[in-house]
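[1] Next come a sequence and a model predicted from it.
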Amino acid sequence: MNDLDAFAALLTDEGRALLADLRDYDPAQELATATRLRREHPAELVTAALGQARLRQRAAAKFGADDAAVMFFTPDGVEQATRTSVASYRAGRLAALGVRRVADLCCGIGGDAIALARAGMAVVAVDRSPLTCAVARANAEALGLADLVEVRCANVTETEAAAYDAVFADPARRGASRGSARRGFPRTESGGASSRGGGRAAGGRIFDPEAYSPPLSWAVEAARKTPYAALKIAPGVPHEAVPDDAEAEWISDGGDVKEAVLWFGTGVAGGRRATLLPGPHSLIGSGLPAPAAGPVGRFLYEPDGAVIRAHLVADVAAQLGGHLIDPTIAYVTSDELHPTPYAAAYEITDVLRFNLKALKALLREREVGTLTVKKRGSAVEPEELRRRLKPHGPNAATVFLTRVAGEPSMLLGHPAEDFSPGAPTSGG
């Protein structure tokens with residue numbers, strides 16, 4: 001049974017009944033479950049259903065338990081799909097621009113197409129893998145969106161972008177994950193994790209935008225043929241690779257940077273934006289120069305990763321009335337506490353030159369047993385530091401391994417909300 005046949009079997013009444021039976025199954029009991037089910041169902045169908053049940057459990061973190069329980073996935077589709085919160089935010093921006101008909105190029109298993117349809121847009125979702133297209137089509141049907149989502153199995157480079165209000169494109173940036181065949185569905189017929197374009201290295205992420213599949217340059221040209229466009233790219237994209245006529249947005253969710261998006265048609269060509277979810281909270285760059293550096297103040301601010309990726313630390317520093325602790329380190333400091341969604345605030349109690357013996361003695365004196373280690377500009381590994389310090393006691397603290405005015409340093413403190421005004425600050 002090939003991939004398409006195995007997937008088609010899951011869509012039969014028998015396959016759907018098996019999946020319903022496996023909704024709450026315990027992976028630790030998989031052997032016993034498989035043995036039981038194979039007494040009444042074909043072995044290949046049981047294998048496919050068990051693989052799909054595992055994928056649904058993994059997908060719950062991205063899609064939510066309710067949607068994941070009825071959707072269909074491939075191993076690489078789960079890995080590469082956009083988190084629902086991020087896809088919904090993006091779809092909301094497109095809807096607010098007045099987009100009513102959008103081409104979702106490199107649609108994969110349909111996660112973005114679903115978000116676009118739920119935002120009220122008619123979607124033509126394109127991918128070249130028959131299996132991936134079958135999964136995307138089944139997902140639209142499972143979520144009651146078949147009237148809004150049309151899935152086409154074709155090479156995205158053959159799609160006429162000018163026929164749509166907008167283009168959304170998500171070029172492939174990874175090779176097919178190893179062991180896909182053992183987890184339910186093997187690699188697709190096109191030889192990769194999905195059929196989003198051309199060849200790429202098997203396994204691992206791709207950082208060169210021109211090594212995307214299809215290349216970023218192709219996606220940019222497609223974007224310029226429509227009134228609006230959003231191109232999903234890796235958050236580590238070099239700023240010099242961003243076209244002058246695009247707005248670049250970096251998006252984080254729950255503090256984790258998820259992606260960058262190149263927007264066309266928003267009226268802010270060359271702009272930079274950092275968006276934090278949930279919220280959303282969007283910080284739009286104002287072109288400020290790099291902030292000055294100075295001594296560590298009472299509070300240390302750790303900017304969100306999206307802010308750092310967007311090169312908007314200067315904007316945060318200006319909002320906080322603060323400065324950097326080192327010209328090369330993205331920590332902002334101030335003597336005043338200013339709540340902001342764009343950075344986590346810590347009250348600093350001790351500023352020390354890097355010295356493990358001194359830090360160990362200080363932690364023993366403070367009876368710190370729970371130690372959070374953060375580092376920026378330091379080669380010391382947090383786990384190795386914990387092993388050597390062996391913290392013990394009822395109290396908690398955060399230590400920052402970093403540089404201050406070019407010197408390796410240690411900053412000890414706590415999240416700012418744990419403190420009341422008036423706590424002392426010491427230096428060393």
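    Yep, that arrived.
[2] center of this protein - which residue?
    With distances taken as CA atoms, centre = their mean, residue 258 lies nearest the centre of the chain, 2.1 Å away.
[3] residues touching it, list them.
    Residues in contact with residue 258 (CB atoms under 8 Å, 6 or more residues apart in numbering) are 82-83, 86, 235, 251-252. C-beta here means a position set from N, CA and C on the backbone, and glycine is covered the same way.
[4] can you pick the most crowded of those?
    Most neighbours among the contacts of residue 258, by other CB atoms under 10 Å: residue 251, with 28 neighbours.
[5] does that one sit in a helix, a strand or a coil?
    The three-state assignment at residue 251 reads strand, by DSSP: H, G, I helix; E, B strand; the rest coil.
[6] Could you point out the bridge partners of it in the sheet?
    On the basis of DSSP bridges, residue 251 is bridged to residue 259, residue 275.
[7] That one against residue 259, yeah?
    Yes - between residue 251 and residue 259 there is a contact under CB atoms under 8 Å: 5.6 Å.
[8] For those two, list the residues in contact with both.
    Common neighbours of residue 251 and residue 259 (CB under 8 Å, 6+ apart) are residue 86.
[9] circling back to that earlier point, can you list the contacts of residue 258 in CSV and add distance to residue 322 and pLDDT?
    Listed next are these as CSV, based on distance: CB to CB, whole Å; pLDDT from 0 to 100:
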residue, distance to residue 322, pLDDT
82, 34, 92
83, 31, 95
86, 29, 97
235, 25, 94
251, 24, 98
252, 21, 98
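[10] Let me know the closest of these to residue 135.
    Distance to residue 135 across the contacts of residue 258 (CB to CB) is lowest for residue 82, with 15.0 Å.
[11] ok, that closest one to residue 114 distance?
    Distance of residue 82 to residue 114, computed by CB to CB, to the nearest Å: 10 Å.
[12] Same question for residue 99.
    Separation of residue 99 from residue 114 (CB to CB) stands at 16 Å.
[13] Could you check which of those two has the larger neighbour count?
    residue 114 (31 against 26).
[14] pretty sure that one contacts residue 151?
    No - using CB under 8 Å, residue 114 is not in contact with residue 151; the gap is 11.4 Å.
[15] so what sits against both of these two?
    Contacts common to residue 114 and residue 151, judged by CB under 8 Å, 6+ apart, are residue 140.
[16] So for the helix or strand hosting residue 48, what gets flagged as buried?
    Here residue 48, judged by DSSP states H and E, is contained in helix 43-63. Neighbour-count burial for helix 43-63, with 16 or more other CB atoms under 10 Å as criterion, is recorded at 45-57, 59, 62-63.
[17] Stretch 366-378 now?
    Those would be 366, 368, 371, 373-374, 376-378, for stretch 366-378 by 16+ other CB under 10 Å.
[18] before we move on, back to that, can you give the contact residues for the next helix or strand after the helix holding residue 48?
    Next helix or strand after helix 43-63 toward the C-terminus (DSSP H and E): helix 65-68. The contact list for helix 65-68, computed with CB under 8 Å, 6+ apart, reads 56-57, 59-60, 62, 84, 114, 143.
[19] Now do helix 65-68, average pLDDT.
    The predicted model assigns helix 65-68 a mean pLDDT of 96.
[20] how about that helix: buried residues?
    For helix 65-68, by 16+ other CB under 10 Å, it's 67-68.
[21] Run the chain-centre distance for it.
    How far helix 65-68 lies from its chain's middle: 19 Å, per CA atoms, centre = their mean, to the nearest Å.
[22] Also stretch 76-83?
    With CA atoms, centre = their mean, you get 10 Å for stretch 76-83.
[23] what comes up buried for it?
    Neighbour count says stretch 76-83 has 76-83 buried, by 16+ other CB under 10 Å.
[24] Make JSON lines out of these and add secondary structure.
    Formatted as JSON lines, the buried residues of stretch 76-83 follow (three-state DSSP):
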{"residue": "76", "secondary structure": "helix"}
{"residue": "77", "secondary structure": "helix"}
{"residue": "78", "secondary structure": "helix"}
{"residue": "79", "secondary structure": "helix"}
{"residue": "80", "secondary structure": "helix"}
{"residue": "81", "secondary structure": "coil"}
{"residue": "82", "secondary structure": "coil"}
{"residue": "83", "secondary structure": "coil"}
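[25] Closest to residue 92 out of these?
    residue 82 (13.4 Å).
[26] Show the contacting residues for the closest one.
    If you count contacts by CB under 8 Å, 6+ apart, then residue 82 has 62, 90, 111-112, 115, 170, 232, 258-259 around it.
[27] mind listing what's buried in stretch 308-322?
    308-317, 320, 322.
[28] of all those, which two lie farthest apart?
    309 and 322, at 19.7 Å, using CB to CB across those.
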